[in-house]
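J.: Structure of the sequence below:
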Amino acid sequence: MIELQDINVRYHSGKSENHVVRGVNLSVARGECVGIVGESGCGKSTLLRSLVGLEGHWTGSISINGEALGPIRTKDQLRCAQMVFQDPFASLHPRHRIRRALSEPARCMGLPVDDARIAAALEEVGLPASFADRFPHQLSGGQRQRVAIARALIVEPPVLLLDEPTSALDVSVQAEILNLLSDRRDERGLTFVLVSHDLSVVAHMCDRIFVMQNGGFVDELSPADIGAGEARDAYARQLLAASFLEELA
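T.: Below is the predicted model of the structure:
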């Protein structure tokens, strides 16, 4: 479903260069959930933004569902992959009602939108249809993230890109959001790429996990590897050890 070959992202300022993503290769099968973990600033979110079409400074080769993609994409190409961002309050317009937040992406992709479609989108993420008339500030953090997921799903993409989807939420609702995403993946046959700093989240959600450092992948782990605290790369072992200490704390 997803094929990345030698992806590089560089930013230039005068004579200086910031090489954010370095030669990343990744293949994700249809219906698979792949996780990417690493410290802040290692390039995880930039890689996702390149995949979804928000970042145009990449070089290399990106294909989704067998179609090669460039930095500039058609509506159909943009529809193939949708993103759920870290902070749902920041990603939802504060002056737009939920109805508009859900209807705009569908209209932009040329899909018909009516009250029934909006109601179905909300009910699919466990919210009542009446929430369509509310503003984001009238919802809890977990409810806002459910709206953000509904907004991504309403255009019926085969790929969902998840950028720290639970890190801005209370611990009490994190599991609810993760279970919701898992259910939608099973029902729709979705393909996920999940970026997170929380190893317990990726171990629960993902089939494979890539460890990223300084813009490149340094190790590939299974959920069992994370559970056992085993890794081949020294940095990956440090990451696992730090996560274990956080759990003890």
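
J.: Which secondary structure element is home to the residue nearest to Cys33 when sequence neighbours are not counted?
T.: Closest residue in space to Cys33, ignoring its immediate chain neighbours: Phe192 at 4.0 Å, by C-beta to C-beta, 6 or more residues apart in numbering. Every residue, glycine included, has its C-beta placed from N, CA and C. Using DSSP states H and E, the element containing Phe192 is strand 191-195.

J.: Thr242: what's it in contact with?
T.: Check again: residue 242 is Ala, not Thr. Residues in contact with Ala242, defined by C-beta atoms under 8 Å, 6 or more residues apart in numbering, are absent; none qualify.

J.: Now it: which helix or strand?
T.: Using DSSP H and E, Ala242 maps to helix 234-248.

J.: mind checking the SS state of Asn18?
T.: State at Asn18, reduced to three classes by DSSP: H, G, I helix; E, B strand; the rest coil: strand.

J.: ok, how many other residues are close to it?
T.: Residues contacting Asn18 under the criterion other C-beta atoms under 10 Å number 10.

J.: Make 780 the first number, not 1, from now on.
T.: Okay, using 780 as the starting number, the last item reads as Asn797.

J.: I'd like the distance between it and Asn993.
T.: Counting by C-beta to C-beta, to the nearest Å, the gap between Asn797 and Asn993 amounts to 11 Å.

J.: Could I have the CA atoms of the lowest-mean-pLDDT helix or strand in the chain written out in CSV?
T.: Taking mean pLDDT, DSSP states H and E as the measure, the helix or strand of the chain with the lowest value is helix 1013-1027, at a mean of 81. As requested, C-alpha coordinates have been extracted for helix 1013-1027 and formatted as CSV (Å, rounded to 0.1, in the frame of the first residue of the first chain):
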residue,chain,number,x,y,z
ALA,A,1013,22.3,0.8,20.8
TYR,A,1014,20.0,3.8,20.5
ALA,A,1015,17.0,1.6,20.3
ARG,A,1016,18.1,-0.2,23.5
GLN,A,1017,18.4,3.1,25.2
LEU,A,1018,14.9,4.1,24.1
LEU,A,1019,13.5,0.8,25.5
ALA,A,1020,15.4,1.3,28.7
ALA,A,1021,14.1,4.8,29.2
SER,A,1022,10.6,3.7,28.5
PHE,A,1023,10.8,1.0,31.1
LEU,A,1024,12.1,3.5,33.7
GLU,A,1025,9.2,5.8,32.9
GLU,A,1026,6.7,3.0,33.5
LEU,A,1027,8.3,2.2,36.8
